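Colleague: got a predicted structure plus its sequence, pasted below:
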Protein chains: 2
Amino acid sequence: MLEKTDLYAPEALNAGISRARKALGDFSILSSRKKNEILILLSEELSREKSDIMAVNQTDYSKAVSSGIDPAMCDRLLLTDSRYDQMIKGLKEVAALPDPVGTGVSSWENADGLKIEKVRVPLGVVGVIYEARPNVTIEVFSLCLKAGCPIVLKGGSEAFKTNMRLVSVVKRVLESSGVNTDGVFFLPWTDRNVVVDLVGNTGLDVIIPRGGAGLMDIVTRHSRVPVLRHDRGLCHIYVAASADEDMALSVVMNAKTSRPSTCNSMETLLVDSGKEGFLRHFLSVCHERGIRVKGCAVTRGLDPTVDEATNETYDTEFLDLTLNCRVVDGLDHALEHIRRYGSGHTEAIITSDIGEADRFWREVDASCVMVNASTRLHDGFAFGLGAEVGISTTRIHARGTMGLAELTTTKYQVWGNGHLRQS
Amino acid sequence: MLEKTDLYAPEALNAGISRARKALGDFSILSSRKKNEILILLSEELSREKSDIMAVNQTDYSKAVSSGIDPAMCDRLLLTDSRYDQMIKGLKEVAALPDPVGTGVSSWENADGLKIEKVRVPLGVVGVIYEARPNVTIEVFSLCLKAGCPIVLKGGSEAFKTNMRLVSVVKRVLESSGVNTDGVFFLPWTDRNVVVDLVGNTGLDVIIPRGGAGLMDIVTRHSRVPVLRHDRGLCHIYVAASADEDMALSVVMNAKTSRPSTCNSMETLLVDSGKEGFLRHFLSVCHERGIRVKGCAVTRGLDPTVDEATNETYDTEFLDLTLNCRVVDGLDHALEHIRRYGSGHTEAIITSDIGEADRFWREVDASCVMVNASTRLHDGFAFGLGAEVGISTTRIHARGTMGLAELTTTKYQVWGNGHLRQS
């Protein structure tokens, strides 16, 4: 089992990535049957070791809390009973999903009868840098294995012990299945400097960073490898004049309160100026439930106890029970606000007007645009993809929640009969 | 019309990119009908101005030749009669292609009846850096317009006058069609330093560099934007023991000689050790046709006039009528050579053995793997895609020849009925 070492050695990083790269050939040709057996075996082993692993996680959690780490971060770090079970369920769901490797994306013949097929092959060696949530370790492993991709993982220092424990189970399962364990390389260093060397190593085919602005900045500046950014989620819900008010209230509350520390939670509520009754009711519910509101002038006119919303608060991903509330004059005004402050992650409208829904869909430029649904539903599990590797706010390769297909690339397979280029 | 200025001003670069970004909204909502009308109009204007533009191109070409520029580069720069007509034909072909914007990639319902659709939307602002070939200007414009993407172009200084002339026609056509001309920004500077600032500008959504190792290195080191690399093509053909010899000769000659300066031309021929008769005949044809051969020891045993092939020549993209010729002991040896020297671009086998074809397909890791066909066929036109934006040797987003679909990203459109996240 890997042990945490404070001394980071670049040669050890390079050697580990190089070994992961060599494992790509082995991972590429694993049969679906074999991959599924590994995933089921892992789910069994994680069930068996649940209490032990949760105890290790408690150690990480207590240390984080007593270190005064941001409560949102502490929440993400915690493996609750239901999150643990969800992690195990996710493995079984991924095992049950169709294997993307080898499936055809399209096929056709050219004008001269040359047969061309575009088939899915593993994306390559996937590097993931993440913070806090240790269940990401298992989610990423399961999807990458199923897609035939070796992984190089850099987890957050807060969850170090939990991650090391989880990875040791993964390695044991791989070993007992006769699969090259070099295909899973969890960096045994918590030093943040390692990130610069990691993203500069062209032995990786893609880097998926999941973290705050500081991490994103380091990755963007130093990467020599393609990056799939998982950026902040500054998500809005616009409650249109035609909205059903009960639906609006339940969706907005779900989007804000079901797990405020996640990127797909709502940060700003835009209320149509024709919805004063709804807004009054909403504000009273916020009072009751301890939700802190930053309001525009109109909102504060209705409730003078509300703090002032500013350009700065509109640009803030609170990640806790705080939200902005702004009254807007119709759809155009809402669209303008979203264009200015949205992070291109997830945006929603509550409306009963089909024309408004249509315009919102077409005109909002985000990875996910929703009508009459909670922004919290933008998620691989909720979408039925089995799990997710992250939510991409990059436009290339993958946008929005990434599942199995996003962990593949393609290869043209061409079959001729002595075909030549004519011009 | 833009004029070449020797003074590069970073503010002018940033302003131009910023205007292109603003044009994204306008380009996104152009109807297919409108886009096709523009492409047809452009094809007519380019026909009308053919003699004039070809004269300008002759100026560029003569200057390049007299400057002692590499003949392969000069060839790529030249708009021959047939290349010019192909450029015009390409516009009509792109107009005839289905519009990818708004088409669904997939759609499904989750377990609770939430409807999820993944639809194609424009990729964004596309930056292309290219050398020599001025027809790329028109190809890139046509595909990007059809995909709703504004473009920022940095062409090679050798083709500067030709490119400026082509872009002036494009701008005139856009203007007469009432479309925002800011969506086409051709950099009026030949200074290579501009590349560093260009790839560092996060107003671009993607950079597609097409050029030599020097350009690739600059782009990789300085880019803060996702890069779709169009790298060198070190392509092999393996003539297996079971190959039909007439087919092998015609395919190999086509792959080497039909246009040696292109990336999909063959650089190294691998001949099975059982094919001595074929090899003798091939070497005599090379003599007749002025093809320079670098040979392994076995090849040189058959023809002592042949130069020696080395690790260095095996690693060289000749881009002229030079090739390596190596005798290999069966498929495994051929695969090993390709793994070591291949650039992941295009690899082909000539065989009549279905088992060998199957192994070659599966085991060669390249953007395009061909059986019994010329590597020169790996091309958007030859594949029937209407045109191509380049051949990606990157694994993410797009791999191999990139057509219209590769110039889009996706957006999840989600339709609910008050759906909430349950866990």
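Modeller: Nice, thanks for sending it over. Numbering: from 1, shown residues only, chains lettered A, B, ... in the order given.
Colleague: so what does the biggest helix by length in chain A touch, helix or strand wise?
Modeller: Secondary structure of chain A per DSSP state H: the longest helix is helix A:10-28. Where contact means 3 or more C-beta pairs under 8 Å, 6 or more residues apart in numbering or on different chains; DSSP states H and E, helix A:10-28 is packed against strand A:115-122, strand A:151-154, strand A:184-186, helix A:194-199. For the C-beta atoms, the positions are set from N, CA and C on the backbone; glycine is no exception.
Colleague: format those as CSV; extra columns: distance to chain B and mean pLDDT.
Modeller: Listed next are those as CSV, based on distance: least, C-beta to the nearest C-beta, whole Å; pLDDT from 0 to 100:
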stretch, distance to chain B, mean pLDDT
strand A:115-122, 6, 96
strand A:151-154, 15, 97
strand A:184-186, 18, 98
helix A:194-199, 12, 93
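Colleague: now these in JSON lines, with mean neighbour count?
Modeller: What follows is these, written out as JSON lines (neighbours: other C-beta atoms under 10 Å in any protein chain shown):
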{"stretch": "strand A:115-122", "mean neighbour count": "21"}
{"stretch": "strand A:151-154", "mean neighbour count": "25"}
{"stretch": "strand A:184-186", "mean neighbour count": "23"}
{"stretch": "helix A:194-199", "mean neighbour count": "20"}
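Colleague: sketch out the low-pLDDT regions of chain A for me.
Modeller: Chain A contains residues with pLDDT under 70 at A:1-6, A:387.
Colleague: what angle do strand A:115-122 and the longest strand along it make with each other?
Modeller: In chain A, assigned by DSSP state E, the strand with the most residues is strand A:408-419. Angle of strand A:408-419 versus strand A:115-122, following axes from the mean of the first three to the mean of the last three C-alpha atoms, to 10 degrees, is 150 degrees.
Colleague: tell me the buried residues in strand A:408-419?
Modeller: Of all the residues in strand A:408-419, those buried under the rule 16 or more other C-beta atoms under 10 Å in any protein chain shown are A:408-416, A:418-419.
Colleague: repeat that for stretch A:275-289.
Modeller: A:275, A:278-279, A:282-283, A:286.
Colleague: could you single out the nearest of the residues you listed to chain B?
Modeller: Nearest to chain B, judged by C-beta to the nearest C-beta, of those is A:F278 at 14.5 Å.
Colleague: how far off centre is the helix or strand hosting the closest one?
Modeller: Element membership of A:F278 [criterion: DSSP states H and E] is helix A:276-289. Counting by C-alpha atoms, centre = their mean, to the nearest Å, helix A:276-289 is centred 31 Å from the centre of its parent chain.
Colleague: now swap in stretch A:133-143 and tell me
Modeller: Here the centre of stretch A:133-143 is set off from its chain's centre by 11 Å, with C-alpha atoms, centre = their mean.
Colleague: again, but for stretch A:163-173
Modeller: Its chain's C-alpha centre and that of stretch A:163-173 lie 22 Å apart, by C-alpha atoms, centre = their mean.
Colleague: just stretch A:119-136 next, same as before
Modeller: Offset of stretch A:119-136 from its chain centre (C-alpha atoms, centre = their mean): 10 Å.
Colleague: and it, how far apart are its ends?
Modeller: One end of stretch A:119-136 sits 28 Å from the other (C-alpha to C-alpha, to the nearest Å).
Colleague: and the next helix or strand past the longest helix of chain A?
Modeller: Sequence order places helix A:32-48 as the next helix or strand after helix A:10-28, per DSSP H and E.
Colleague: past that following helix, which element shows up next along the chain?
Modeller: Downstream of helix A:32-48, the first helix or strand assigned by DSSP H and E is helix A:50-66.
Colleague: may I see the buried residues of that following helix?
Modeller: Neighbour counts using 16+ other C-beta under 10 Å place A:50, A:53-54, A:56-57, A:60-61, A:63-64 of helix A:50-66 among the buried residues.
Colleague: closest to B:N110 among the residues you listed?
Modeller: Distance to B:N110, by C-beta to C-beta, is smallest for A:K50 among the buried residues of helix A:50-66, at 27.6 Å.
Colleague: ok, that closest one to chain B distance?
Modeller: In this view, A:K50 and chain B are 18 Å apart by C-beta to the nearest C-beta, to the nearest Å.
Colleague: quick one: that residue and A:F381, what's the gap?
Modeller: 20 Å (C-beta to C-beta, to the nearest Å).
Colleague: what does the stretch 1-150 of chain A put close to chain B?
Modeller: A:28-29, A:82, A:86, A:108, A:110-111, A:114, A:116, A:121, A:123-124 (C-beta under 8 Å from any C-beta of the partner chain).
Colleague: try 7 Å
Modeller: A:82, A:108, A:110-111, A:114, A:116, A:123-124 (C-beta under 7 Å from any C-beta of the partner chain).
Colleague: and those residues, which two are furthest apart?
Modeller: Maximum pairwise distance in these, criterion C-beta to C-beta, is 57.1 Å, between A:S82 and A:A111.
Colleague: before we move on, the earlier item: mind giving me the packing neighbours of the longest strand of chain A?
Modeller: Applying 3 or more C-beta pairs under 7 Å, 6 or more residues apart in numbering or on different chains; DSSP states H and E, one finds that strand A:408-419 makes contact with strand A:115-122, helix B:245-257, strand B:368-373.
Colleague: distance from the chain centre to that strand, please.
Modeller: The chain centre lies 33 Å from the centre of strand A:408-419; the measure is C-alpha atoms, centre = their mean.
Colleague: next, the angle strand B:368-373 makes with it.
Modeller: Per the same axes, to 10 degrees, the angle that strand A:408-419 makes with strand B:368-373 is 10 degrees.
Colleague: what does the stretch 301-423 of chain A have sitting close to chain B?
Modeller: Neighbours of chain B within the stretch 301-423 of chain A, by C-beta under 7 Å from any C-beta: A:361, A:367-374, A:376-377, A:382-384, A:394-397, A:399-400, A:409-421, A:423.
Colleague: so what are the domain limits for chain A?
Modeller: According to automatic domain parsing, chain A comprises the domains A:10-231+A:393-414, A:235-378.
Colleague: ok, and the closest non-adjacent residue to the residue in the stretch 51-200 of chain A that chain B sits nearest to?
Modeller: Nearest to chain B in the stretch 51-200 of chain A, going by C-beta to the nearest C-beta, is A:N110, at a distance of 4.4 Å. The spatial neighbour of A:N110 that comes closest, neighbours along the chain excluded (C-beta to C-beta, 6 or more residues apart in numbering or on different chains), is B:G384 at 4.4 Å.
Colleague: count the residues that sit near the one you found.
Modeller: The tally of other residues near B:G384 (other C-beta atoms under 10 Å in any protein chain shown) stands at 16.
Colleague: could you tell me the phi and psi values at A:E267?
Modeller: For A:E267, the backbone dihedrals (degrees, to the nearest 10) come out as phi -110, psi -30.
Colleague: surely it touches A:F318?
Modeller: Yes - taking contacts as C-beta atoms under 7 Å, A:E267 lies within contact range of A:F318: 5.7 Å.
Colleague: related to what we said a few turns ago, widest-spaced pair of the buried residues of strand A:408-419?
Modeller: Within the buried residues of strand A:408-419, A:T408 and A:G418 form the most distant pair, 31.2 Å apart (C-beta to C-beta).
Colleague: contacts only, for whatever residue of the stretch 101-250 of chain A ends up closest to chain B.
Modeller: Using C-beta to the nearest C-beta, the single residue of the stretch 101-250 of chain A nearest to chain B is A:M247, 4.0 Å away. With contacts defined as C-beta atoms under 7 Å, 6 or more residues apart in numbering or on different chains, A:M247 is in contact with A:350, A:372, B:418.
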